[in-house]
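# Take a look and give me a structure for this.
(one chain, ligands or ions: 1)
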Amino acid sequence: MDAVAPIPQSTGQVTLGDVMAEARRLLEQAGIESAEQESLWIVEHVLRLPAHHVITDRERLLVSSELVAVRGLIERRVGREPLQYILGTQEFCGLEFAVNPAVLIPRPETELLVEYVTQRISSERPAIIVDVCTGSGCIAVSIARMRPHARVIATDLSTPSLTVARQNAARHGVGDSITWLEGDLLGPLAGQELEERVDVIVSNPPYIAEADWAALQPEVKLFEPRGALVAGPQGTELHERLLLEAVRYLAPGGAVIMEIGAGQARAMRRMVEQMPEYRFHRLVYDEAGLERVVIVERVGT
Ligand code: GLN
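Residues are numbered from 1 along each chain as shown. Below you'll find the predicted structure:
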C-alpha cells in the first residue's frame with residue numbers, strides 16, 4: 001500500500017486565542033518584556049499568518065502539529081534564546097537578513113556605519129570598500145545594494161559566518177558583487193594588490209571588554225557568538241589592530257569607520273593621536289545618545 005500523508009489531527013479544543021494566551025503567560029513568567037508581541041510573531045511564523053488573522057481568527061482550532069511547533073518555539077524563547085535565532089531573521093537597513101548562532105544579530109545602531117560609508121562614497125564612484133568582521137554580511141550587502149559601482153570586499157575569521165553572509169548576499173541580489181575573504185581582520189587582503197587603494201574600511205568588530213561579559217543579558221551571553229562580541233581586557237584591541245593593519249591599504253584621505261561601545265571614544269582618540277598616519281575625524285552618537293561610531297582618516301600624501 002502506498003504511504004499516505006497523515007491527516008492533520010485537530011487538537012479538539014485548543015484555539016488560536018488559547019495558544020496566544022498560553023504563550024504570552026509563559027513568556028511573561030520568563031521575564032520577557034514584550035511577551036504579547038513576541039507571542040504574536042511566533043504564532044504568525046509557525047502558522048504563516050498575516051498579523052490581523054491571529055486577532056480575527058481567535059476561535060480557529062489548531063491541528064496538533066501546529067500546537068507542537070508553537071510550543072517548541074515558545075519553550076526556546078523561555079530559555080532566553082533570541083527571537084531572531086528562533087525566527088531565523090533580522091531586518092537591517094530595510095532588508096531581511098538570515099541569522100543563526102554563527103553570527104551576531106544585526107543591531108539597529110550598526111546602520112550608522114552604512115550611513116557614514118555611503119555619505120563618503122558618491123553613487124557613481126567605483127570605490128573600493130572593505131567590510132571587516134562581516135558576520136551576517138549585513139553591512140557589506142547593504143552597501144553593495146546602495147553603491148552598485150563600488151567594489152565591496154568582506155572578511156571574516158569564521159567559515160560558518162561567511163556561509164550565512166554569502167546566502168544573504170544572494171538573497172538580496174548582490175551575490176556576485178561582493179568578494180568574500182576568510183581570515184583575521186585585513187590579513188586576507190595580502191597579495192590582492194590593494195595597497196593604498198582602499199577608500200573605506202568599515203567594521204563592527206568585537207568590542208566588549210572581557211570583564212563586561214558577565215553582565216550581558218542572557219540572550220546575548222548564552223546564545224550569540226562570544227568571539228563576535230568580546231575583544232580582550234580593554235574592548236578596543238581589535239580597533240587598534242585594524243588601524244595598524246589599515247595603514248598599508250588605505251588610499252590617502254581614505255577612512256576607517258568603526259563601531260565602538262559606550263565609553264570607548266576617549267581611548268580611541270588617544271589611540272589615534274599616537275598614530276601619525278591618521279587624524280581623528282569624527283565621533284558619532286547613536287539614537288540613545290551613546291558614543292557609537294568613530295571615523296578616522298588616513299593623512300593624505
Ligand atoms: N552592540 C553589541 C552589544 O552590545 C556589541 C557588538 C560588538 O561587540 N560588535 O551586544
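
# Around the ligand, pick out the residues from the stretch 1-150 of the chain.
Arg107 (Cβ under 6 Å from any ligand atom). Any C-beta I mention is one placed from the backbone N, CA and C, and that applies to glycine too.

# what stretches of the stretch 1-150 of the chain score poorly on pLDDT?
Within the stretch 1-150 of the chain, the segments meeting pLDDT under 70 span 1-12.

# Residue of it closest to the ligand, please.
Of all residues in the stretch 1-150 of the chain, Arg107 sits closest to the ligand, at 5.0 Å by Cβ to the nearest ligand atom.

# Nearest residue to the middle of the chain?
Nearest residue to the geometric centre of the chain (Cα atoms, centre = their mean): Pro106, 2.2 Å.

# contacting residues for it?
By Cβ atoms under 8 Å, 6 or more residues apart in numbering, the contact set of Pro106 is 90-92, 97, 99, 135-136, 138.

# Highest neighbour count among these?
Most neighbours among these, by other Cβ atoms under 10 Å: Cys138, with 31 neighbours.

# Test my guess that that residue contacts Cys93.
Yes: here Cys138 reaches Cys93: they are 7.2 Å apart, a contact under Cβ atoms under 8 Å.

# quick one, helices of the stretch 101-250 of the chain?
111-120, 138-146, 159-171, 218-223, 237-246 (DSSP state H, counting those that start in this stretch).

# and the last one, which residues are buried?
Same thing as helix 237-246. 237-243, 245-246 (16 or more other Cβ atoms under 10 Å).

# That helix and the ligand, any residue contact?
No: figure legend: helix 237-246 not in contact with the ligand (Cβ under 6 Å from any ligand atom); closest approach 8.8 Å.

# mean confidence score for that helix?
For helix 237-246, mean pLDDT rounds to 98.

# Outside of that helix itself, list whatever touches it.
If you take Cβ under 8 Å, 6+ apart as the criterion, helix 237-246 is touched by 132-133, 185-187, 198, 201, 203, 205-207, 231-232, 256, 258, 260, 264, 268, 271-272, 275, 278, 294, 296, 298.

# Could I have the CA atoms of it written out in PDB?
Extracted C-alpha coordinates of helix 237-246, given in PDB (Å, rounded to 0.1, in the frame of the first residue of the first chain):
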ATOM      1  CA  GLU A 237      42.100  45.800  21.000                       C
ATOM      2  CA  LEU A 238      40.600  44.900  17.600                       C
ATOM      3  CA  HIS A 239      40.200  48.600  16.700                       C
ATOM      4  CA  GLU A 240      43.800  49.200  17.400                       C
ATOM      5  CA  ARG A 241      45.000  46.200  15.300                       C
ATOM      6  CA  LEU A 242      42.700  47.100  12.500                       C
ATOM      7  CA  LEU A 243      44.100  50.700  12.400                       C
ATOM      8  CA  LEU A 244      47.600  49.400  12.400                       C
ATOM      9  CA  GLU A 245      46.900  46.900   9.500                       C
ATOM     10  CA  ALA A 246      44.900  49.500   7.600                       C
END
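
# So Glu111 is in contact with Glu91, correct?
No: the criterion here is Cβ under 8 Å, and Glu111 misses it with Glu91 at 10.1 Å.
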